[in-house]
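Asker: one predicted model, sequence on top.
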Amino acid sequence: MVHPDRRGQRRAGRAGHAPRRRQRNLGGLLSPRHHGYVHAGRAVGASTRGSAPRALLRRRGGRGGGGAAGPGRAAEPPAGCGAYQRRERPPGGRPPQHAARLAVDEGQLSGGPTGGRREPPPPRRHLPRIRHPRHRGRPAHGGGRARHRKGVRDVRLGTTELAPQVASGIARAGGLAIEVGTVPTPALYFATHTVDVDGGIQITGSHNPPEFNGFKMVLAGEAIHGHDIQGLRGLIEGGQIPDRPGGRREAHPGLLRRYADAIVERNAPLARRVKAVVDCGNGVTSLVAIETLRRLGAEVVPLFAESDGTFPNHHPDPTVLENLRDLQAAVPRERAELGIAFDGDGDRIGTVDEQGRVVFGDQLLVLLGRDLVQRQGTGHPVIFDVKCSDVLRRELERAGLRPVMWKTGHSLIKQKMKELNAPLAGEMSGHMFFGGDWYGFDDALFAAARLLHYLAERGGPLSRLLADLPTTVSTPEIRIACPDDRKFDIVEQAAAHFSRSYPVSRLDGVRITFPDGWGLLRASNTQPVLVLRFEAQSEQALAANRQEVEDWLRAAGVRP
């Protein structure tokens, strides 16, 4: 697969288009049997200047989930909805009485993880307050006190304002807010699987620009997203839940070390010493990645490994090729076998080979699939999103695996992994998910460790391991600005237009099968953007297919 350069394209966040499903009861989700405390912890290196903490919910008796960062249920946004469209209230105009209360700016409630621009910092009254009512199921310790949540945050500058407010709101609702400090998003997910909690909250801007911040929330083993976010907004807008006694905040250090130990335990030692340049992008992985990979037995050359929420060297988003320039130059200069880049909050990975050429997410998933066969044999399902190449599907089949194309979005991928009991999944954007000996969530540091392990066993260089892939020509993700109130309508119109001439898949957006390639047009669920991608057998076919779609967009009033 040959991926052209992305230079000059607009940068924007990626998000999954949520599927239609039976509505989950947010009131029940955040109600007595899921009592919890938000742990206001820190997560380093999210994509925004002021990342918010991630929290875990510790169980305290009664039923409730294990706080896993497992798959969340998705919901299809209403037709024509924007990222901040209001969700209708329940009949009667009032939300359920026993539900969480979160005082947040209206713009923070999108279809994906909650988030919004922070220019200037929000006034104190708008900072998050998550409250949970008294437990009414099986009594918790203390006769009905709420269970625990853990919270963490990343290195964005605004996190220091948001984190204490989240923890304080939980404590005021009678919960125990367990603050775990500054850790990557996958460390929060790890904690929800390994600590007796109900859920977690990460304060992070993820892959968005520094002026953005928000939350990634996990409750009862599922991510809160899609219609659940809009349902949460309805709860915020109605009703008051009184303060309850007995809540408190509590520091819980040591998570980062336990997370790193678990990665090393599952991937060390390397069969030989592999030299790698690792670009942390001044994000949260600066706190843990270099030491962890060295403990595996790798020789690591660090690049921008000091956490700094201003991101002074480049934005920590490895899906944008401009952000990989320093890594591409450093790898051949240092005579390393590969380069690894992390995004701001540590859930996405970028890779370059020994010559400094970018290895895209679908190519990396080919290697991880081959590694899976070595570890667990053939026949396993491997999930990938609609933006991935057809070459990936064919290579997974050739390796004896069962490829499954699915919707873009980490919550949707996790849900599908759980449904199929899949040991591996990945997205073009660099989210890599590991089941089996891990916990099913997206984890860039674990992906780096597994890649180093595979490279050490198979022998380098990395380019040789990819040399047998069929050559196609493809674009990276192309992001086009489109207002929130138009983007989903544009996708519907495109489906109607192109289905007259070509086979079209509506799995996620519109995937058009041309005679000599394919093209994708989908709406971001968290950003005012349309996402395009194309693949073909030749440069000429690629240009023609792209031109046809972009010409239609211009006619529809969207400027590519």
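Answerer: That came through, no problem. Numbering: from 1, shown residues only.
Asker: any low-confidence regions in the chain?
Answerer: Along the chain, the parts satisfying pLDDT under 70 run over 1-159, 207, 239-242.
Asker: and the helices in the stretch 451-560 of the chain?
Answerer: 462-466, 484-498, 539-555 (DSSP state H, counting those that start in this stretch).
Asker: pop out the phi and psi values for the residue nearest the centre of the chain.
Answerer: Nearest to the geometric centre of the chain sits H410, at 5.0 Å (CA atoms, centre = their mean). Dihedral pair for H410: phi -60, psi -40, per degrees, to the nearest 10.
Asker: next, the contact list for it, please.
Answerer: Applying CB atoms under 8 Å, 6 or more residues apart in numbering to H410 gives the contacts 16, 223, 347, 427, 431, 433, 441-442. Every C-beta, even on glycine, is put in place using the N, C-alpha and C of the backbone.
Asker: surely L424 touches F433?
Answerer: Yes. If you go by CB atoms under 8 Å, L424 and F433 touch, sitting 6.9 Å apart.
Asker: what sits in contact with each of the two?
Answerer: I383.
Asker: what are the ranges of the helices in the stretch 251-400 of the chain?
Answerer: Under DSSP H, counting those that start in this stretch, the stretch 251-400 of the chain gives helices at 255-267, 289-296, 325-334, 361-376, 390-398.
Asker: how about TSV for those helices, with distance to A449 and mean neighbour count added?
Answerer: Putting the helices of the stretch 251-400 of the chain into TSV (distance: least, CB to CB, whole Å; neighbours: other CB atoms under 10 Å) gives the following:
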stretch	distance to A449	mean neighbour count
helix 255-267	4	19
helix 289-296	6	21
helix 325-334	18	18
helix 361-376	11	21
helix 390-398	21	18
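Asker: bridging residues for A536?
Answerer: Beta-bridge pairing for A536 (DSSP bridges): V473, G517.
Asker: roughly how far does it sit from L469?
Answerer: For A536, the distance to L469 equals 16 Å [CB to CB, to the nearest Å].
Asker: just L364 next, same as before
Answerer: Counting by CB to CB - L364 and L469 are separated by 11 Å.
Asker: again, but for V277
Answerer: Counting by CB to CB - V277 and L469 are separated by 23 Å.
Asker: which one's more surrounded, these two?
Answerer: Per other CB atoms under 10 Å, whichever of V277 and L469 has more neighbours is V277, with 27 against 18.
Asker: so that one sits against V301, correct?
Answerer: Yes. Under the criterion of CB under 8 Å, V277 makes contact with V301 at 4.5 Å.
Asker: hey, what's in contact with both of these two?
Answerer: Joint contacts of V277 and V301 (CB under 8 Å, 6+ apart) are 330, 334, 336.
Asker: are there residues contacting both of L364 and L469? Which ones?
Answerer: Common neighbours of L364 and L469, using CB under 8 Å, 6+ apart, do not exist here.
Asker: show me the domain layout of the chain.
Answerer: Annotated domains of the chain cover 26-253, 257-466, 473-555 [automatic domain parsing].
Asker: which of the ones you listed is buried the deepest?
Answerer: domain 26-253 (a mean of 24; mean count of other CB atoms under 10 Å).
Asker: from the middle of its chain, how far away would stretch 307-314 be?
Answerer: Its chain's C-alpha centre and that of stretch 307-314 lie 20 Å apart, by CA atoms, centre = their mean, to the nearest Å.
Asker: distance from stretch 368-382 to the middle of the chain?
Answerer: Counting by CA atoms, centre = their mean, stretch 368-382 comes out at 23 Å from the chain centroid.
Asker: from P332, how far off is A191?
Answerer: In terms of CB to CB, A191 sits 38 Å off from P332.
Asker: same list (the helices of the stretch 251-400 of the chain) but as a markdown table, adding distance to V180.
Answerer: Converted to a markdown table, the helices of the stretch 251-400 of the chain look like this (distance: least, CB to CB, whole Å):
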| stretch | distance to V180 |
| --- | --- |
| helix 255-267 | 5 |
| helix 289-296 | 17 |
| helix 325-334 | 30 |
| helix 361-376 | 29 |
| helix 390-398 | 36 |
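Asker: follow-up on the earlier one: would you list the helices of the stretch 451-560 of the chain in JSON lines and tack on distance to G519?
Answerer: Shown next, in JSON lines, are the helices of the stretch 451-560 of the chain (distance: least, CB to CB, whole Å):
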{"stretch": "helix 462-466", "distance to G519": "24"}
{"stretch": "helix 484-498", "distance to G519": "9"}
{"stretch": "helix 539-555", "distance to G519": "5"}
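Asker: out of the ones you listed, the one nearest R393 is which?
Answerer: helix 462-466 (16.2 Å; CB to CB).
Asker: alpha carbons of that closest one, in CSV - could you do that?
Answerer: Extracted in CSV, the C-alpha atoms of helix 462-466 (Å, rounded to 0.1, in the frame of the first residue of the first chain):
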residue,chain,number,x,y,z
LEU,A,462,10.4,-3.0,9.4
SER,A,463,10.3,-2.3,5.7
ARG,A,464,11.1,-5.9,4.9
LEU,A,465,8.1,-7.1,7.0
LEU,A,466,5.9,-4.9,4.8
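Asker: circling back: out of the helices of the stretch 251-400 of the chain, flag the one nearest I201.
Answerer: Between the helices of the stretch 251-400 of the chain, helix 255-267 lies closest to I201; by CB to CB that is 13.9 Å.
Asker: what angle do helix 289-296 and the closest one make with each other?
Answerer: 40 degrees (axes from the mean of the first three to the mean of the last three CA atoms, to 10 degrees).
Asker: now for helix 255-267, which elements pack on it?
Answerer: strand 176-182, helix 185-194, helix 289-296, helix 444-458 (3 or more CB pairs under 8 Å, 6 or more residues apart in numbering; DSSP states H and E).
Asker: switch to 7 Å and redo it
Answerer: Helices and strands touching helix 255-267, by 3 or more CB pairs under 7 Å, 6 or more residues apart in numbering; DSSP states H and E, are helix 185-194, helix 289-296, helix 444-458.
Asker: which elements pack onto the helix or strand following the first one?
Answerer: The C-terminal neighbour of helix 185-194 among helices and strands, as given by DSSP states H and E, is strand 199-203. Counting contacts by 3+ CB pairs under 7 Å, 6+ apart, the secondary-structure elements packed against strand 199-203 are strand 54-57, strand 148-154, helix 159-172, helix 185-194, strand 212-219.
Asker: so what's the gap between the third one and the chain middle?
Answerer: The chain centre lies 23 Å from the centre of helix 159-172; the measure is CA atoms, centre = their mean.
Asker: and it, C-alpha only, in CSV?
Answerer: Extracted C-alpha coordinates of helix 159-172, given in CSV (Å, rounded to 0.1, in the frame of the first residue of the first chain):
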residue,chain,number,x,y,z
THR,A,159,-6.9,20.2,33.5
THR,A,160,-5.8,21.7,36.8
GLU,A,161,-9.0,23.7,36.9
LEU,A,162,-11.4,20.9,35.8
ALA,A,163,-10.1,18.0,37.9
PRO,A,164,-10.7,19.3,41.4
GLN,A,165,-14.2,20.4,40.4
VAL,A,166,-15.1,16.9,39.1
ALA,A,167,-13.8,15.3,42.3
SER,A,168,-15.6,17.9,44.5
GLY,A,169,-18.9,17.3,42.7
ILE,A,170,-18.7,13.6,43.3
ALA,A,171,-17.8,14.1,47.0
ARG,A,172,-20.7,16.5,47.5
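Asker: direction-wise, compare that helix with strand 199-203 and give the angle.
Answerer: Using the same axes, to 10 degrees: helix 159-172 against strand 199-203 is 150 degrees.
Asker: give me the angle between helix 159-172 and strand 176-182.
Answerer: 160 degrees.
Asker: now do helix 159-172 against strand 212-219, angle only.
Answerer: Using the same axes, to 10 degrees: helix 159-172 against strand 212-219 is 30 degrees.
Asker: which other helices and strands does helix 159-172 contact?
Answerer: Right, helix 159-172 is packed against strand 148-154, strand 176-182, strand 199-203, strand 248-251 by 3+ CB pairs under 7 Å, 6+ apart.
Asker: so which elements touch the shortest one?
Answerer: So the one you mean is strand 248-251. For strand 248-251, the packing partners by 3+ CB pairs under 7 Å, 6+ apart are helix 159-172, strand 176-182.
Asker: right, I'll leave it there.
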